[in-house]
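Undergrad: sharing a sequence plus its predicted fold:
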Amino acid sequence: MRYTKKILSGLGLLVAACFLTGLAYFFTTYGTLNIPRKADTVLTASSTLPFTVPAGYMMEVYADRVPDARVMAFDPGGAMIVSEPSEGKVVALIDTDADGRIDETPAVIEGLNVPHGLEFRCRDEADPTKCTLYIAEKDQLVAYEYDARTHKASGPRKLLDLPNGSIGSHTTRSLLFLASPQEDMLLIAVGSSCNVCEESDDRRAKILYYNVATGETGEYARGLRNAVFMTLHPVSGAVWVTEMGRDGLGDDIPPDEINIITKGAWYGWPWFYGKNVEDMTFNPRSRPSFAQEPIPSTIDIPAHSAPLGLAFIPEEGWPEEDWYDLLVAYHGSWNRSVPTGYKIVKMRLDAQGNYAGTEDFITGFLGADGRRIGRPADIKALPGGTVYISDDSAGMIYRLSRTSL
């Protein structure tokens, strides 16, 4: 009996060791398991918000009960619509009594497969309330007829197949129209299928394009592990993106990144990260030969900050010293011994996009006790000193407003 217990105990330890080894292998290989986004502390519309904001601003709840709120867009009538990937729908935010807060969130369209990216195109001069709404689902790009009077999308037209995600893969697809004269070019960001690997699907870890006028499609840029959000620089029209670095190398490497995207360029993943640092864990042998050198990161961000939404501060209604600065949502770490991120930062830039440093802009999404209050996702910075922030953890949309001019 004593030997039987020893054998069983040894088997138990062996099983546990195998489990932990397998778990470590999973996160080293994939590292992108979808961690539940739900907050530890529940906020409501009447909650006193625990956030620290810049002097001369106030922050309030614009909409609650928007589960998994991610991408925000404004329809031609000025109403905000929001994607809810885990709910499989896109909703409109309606202020029925004009008190500045949202009362209703009717579905624009539902029954979708992880909808994320949203873009409008309105070109009907006879009826400006009718537009095309482009929605990027996990596995496809679809165009809908959108009516701003009813806030409904109908008549779906499938435009493009996208790689369907699975466990361990990145499943969000983001959209962005280029600036004139390439305004028909719609970019689609598609993340990698893994933490670090050589992809078998040629559409992965790239930004693709779809020309809405001609139907032409192809690769715009590659070597981007997970460029989740994109925006246009207000002066140059260049595409700026946030990119999440790989996991499995500890607390402090590799950096997450801000990148400026050039058509046809390679940004290094999976062989390089940051300022073209070789990933010797992925390739511990010798540096292979490449047809082109990778483009280094524009700005390095502390590892595991998980940057998502980004928005340039416009001139109108903002202090001149803030013009062209970049607001970035740090969604926050899930796999770091000491959590990092969970805030909005302001990156100081000049009109040409030259970087001069980063400072905290809005903090408090992570409590002093380590409890998660929220996780900022998308950002919209508008003229007049107004910023909207989606929070997919708390299911909120916040509004930051200037109180002093």
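TA: Okay, I see it.
Undergrad: where exactly do the strands run in the stretch 1-150 of the chain?
TA: 57-63, 72-74, 80-84, 89-93, 107-110, 117-121, 130-136, 140-147 (DSSP state E, counting those that start in this stretch).
Undergrad: right, and these - which one's nearest residue 318?
TA: strand 57-63 (11.0 Å; C-beta to C-beta). C-beta: built from backbone N, CA, C; applies to glycine.
Undergrad: mean confidence score for that closest one?
TA: For strand 57-63, the per-residue pLDDT values average out at 96.
Undergrad: against which helices or strands is that strand packed?
TA: Here strand 57-63 touches strand 396-402, going by 3 or more C-beta pairs under 8 Å, 6 or more residues apart in numbering; DSSP states H and E.
Undergrad: the strand it packs on: how far from the chain's middle?
TA: 18 Å (C-alpha atoms, centre = their mean, to the nearest Å).
Undergrad: got the contact list for that strand?
TA: Counting contacts by C-beta atoms under 8 Å, 6 or more residues apart in numbering, the residues outside strand 396-402 that touch it are 43, 49, 51, 53, 56-64, 66, 69, 72, 80, 82, 93, 102, 317-318, 362, 374, 384-391.
Undergrad: per-residue pLDDT, residue 33?
TA: You'll see residue 33 listed with a pLDDT of 38.
Undergrad: how's this structure carved up into domains?
TA: Domains of the chain are assigned by automatic domain parsing as 1-30, 31-402.
Undergrad: pick the most buried one from those domains.
TA: Comparing the domains of the chain by mean neighbour count (mean count of other C-beta atoms under 10 Å), domain 31-402 ranks first with a mean of 18.
Undergrad: quick one: that domain to chain centroid distance?
TA: 3 Å.
Undergrad: tell me the secondary structure for residue 254?
TA: coil (DSSP: H, G, I helix; E, B strand; the rest coil).
Undergrad: list the contacts of it.
TA: Neighbouring residues of residue 254 by C-beta under 8 Å, 6+ apart: 245-246, 273-274, 277, 279, 303.
Undergrad: what sits up against the strand of greatest length in the chain?
TA: Counting by DSSP state E, the longest strand found in the chain is strand 152-161. With contact meaning C-beta under 8 Å, 6+ apart, strand 152-161 is reached by 90, 108-109, 133-135, 139-147, 188, 208, 210, 212, 215, 217.
Undergrad: and whichever helix or strand comes after it, what does it pack against?
TA: Later in the chain than strand 152-161, the nearest helix or strand by DSSP states H and E is strand 173-177. If you count contacts as 3+ C-beta pairs under 8 Å, 6+ apart, strand 173-177 packs onto strand 117-121, strand 130-136, strand 185-190, strand 230-232.
Undergrad: for residue 278, which non-adjacent residue is spatially closest?
TA: Distances taken as C-beta to C-beta, 6 or more residues apart in numbering put residue 272 closest to residue 278, at 5.9 Å, once the chain neighbours are dropped.
Undergrad: gap between that neighbour and residue 196?
TA: Residue 272 sits 11 Å away from residue 196, going by C-beta to C-beta, to the nearest Å.
Undergrad: where do the contact lists of the two overlap?
TA: Contact with both residue 272 and residue 196 is made by residues residue 279, according to C-beta under 8 Å, 6+ apart.
Undergrad: picking that back up, isn't the residue nearest to residue 278 right next to residue 282, touching?
TA: No - look at residue 272 against residue 282 with C-beta atoms under 8 Å: they stay out of range, at 9.5 Å.
Undergrad: picking that back up, may I have the strands that pair with the longest strand of the chain, each with its orientation?
TA: Sheet neighbours of strand 152-161, with direction, are listed as strand 140-147 (antiparallel) (DSSP bridges).
Undergrad: now do the partner strand and strand 173-177, the angle between them.
TA: Between strand 140-147 and strand 173-177, the angle formed by their directions is 60 degrees, by axes from the mean of the first three to the mean of the last three C-alpha atoms, to 10 degrees.
Undergrad: quick one, what contacts residue 360?
TA: With contact set as C-beta under 8 Å, 6+ apart, residue 360 has these partners: 343-346.
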